[in-house]
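Enquirer: Quick one: sequence and predicted model below, then my questions.
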Amino acid sequence: MRPYNEAVKADVRRRMSPPHRQSVARISEELGIHVITLYKWRKAWRLQREVVPATEKDPEGWSASDKFTVVLETAGLNATELSAYCRERGLYPEQVERWRQAATDANEKPVLTLKEQKELERLRAQDQREIKRLKKELTRKDKALAEAAALLLVTKKMQALWGEVEED
């Protein structure tokens, strides 16, 4: 692997980052840098909590970690700073607010205690047993219905062959 200077890395980061969002394959093709090298750089930048989606997807198609990074980066910004941030990255403040709300909502899910988890598991097992019992009963009734239909059919055929039989 040949060494690349910081100017080349900065250009690649700019191309991967919003609003450009060029794909790794496209950057590799245009600059002649191996894709594995580009993926390593992107991984390092992501570990530094930089927004580098490296995809041409719309921001709504970004990974959850990229969206969360944007939420973290914009947490302390006022409206003017947020607008500037969004313009630089091709985002809308409404998107960032939606992502912030989604992150907040995800953390509000109640955590179950061990006792509650065991109770849910017990209820689930009970439901599974009930489902199994009902399926077995349904199968039995289907067989009985098929047998009754077959007997009715045989009775009608016998009457058609031998005519009405008078009972004494």
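Expert: Sure, I can see it. Residues are numbered from 1 along each chain as shown.
Enquirer: Mind jotting down where the helices sit in this protein?
Expert: 6-16, 24-31, 35-47, 64-74, 79-89, 93-106, 114-162 (DSSP state H).
Enquirer: Include mean neighbour count and mean pLDDT when you put the ones you listed into JSON lines, please.
Expert: Placement of C-beta: from N, CA and C, glycine included. Converted to JSON lines, those look like this (neighbours: other Cβ atoms under 10 Å; pLDDT from 0 to 100):
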{"stretch": "helix 6-16", "mean neighbour count": "15", "mean pLDDT": "85"}
{"stretch": "helix 24-31", "mean neighbour count": "15", "mean pLDDT": "86"}
{"stretch": "helix 35-47", "mean neighbour count": "15", "mean pLDDT": "84"}
{"stretch": "helix 64-74", "mean neighbour count": "18", "mean pLDDT": "84"}
{"stretch": "helix 79-89", "mean neighbour count": "14", "mean pLDDT": "85"}
{"stretch": "helix 93-106", "mean neighbour count": "14", "mean pLDDT": "86"}
{"stretch": "helix 114-162", "mean neighbour count": "10", "mean pLDDT": "94"}
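Enquirer: Domains in the chain, by residue range?
Expert: Taking automatic domain parsing as the reference, the chain has its domains at 6-106, 115-168.
Enquirer: Endpoint to endpoint, the first one covers what distance?
Expert: With Cα to Cα, to the nearest Å as the measure, the ends of domain 6-106 fall 38 Å from one another.
Enquirer: begin at 45 from here
Expert: Sure, I'll start numbering at 45, so the last one becomes domain 50-150.
Enquirer: distance between it and the chain's centre?
Expert: Its chain's average C-alpha position is 20 Å from that of domain 50-150, according to Cα atoms, centre = their mean, to the nearest Å.
Enquirer: What distance do you get for residue 49 to residue 127?
Expert: 33 Å (Cβ to Cβ, to the nearest Å).
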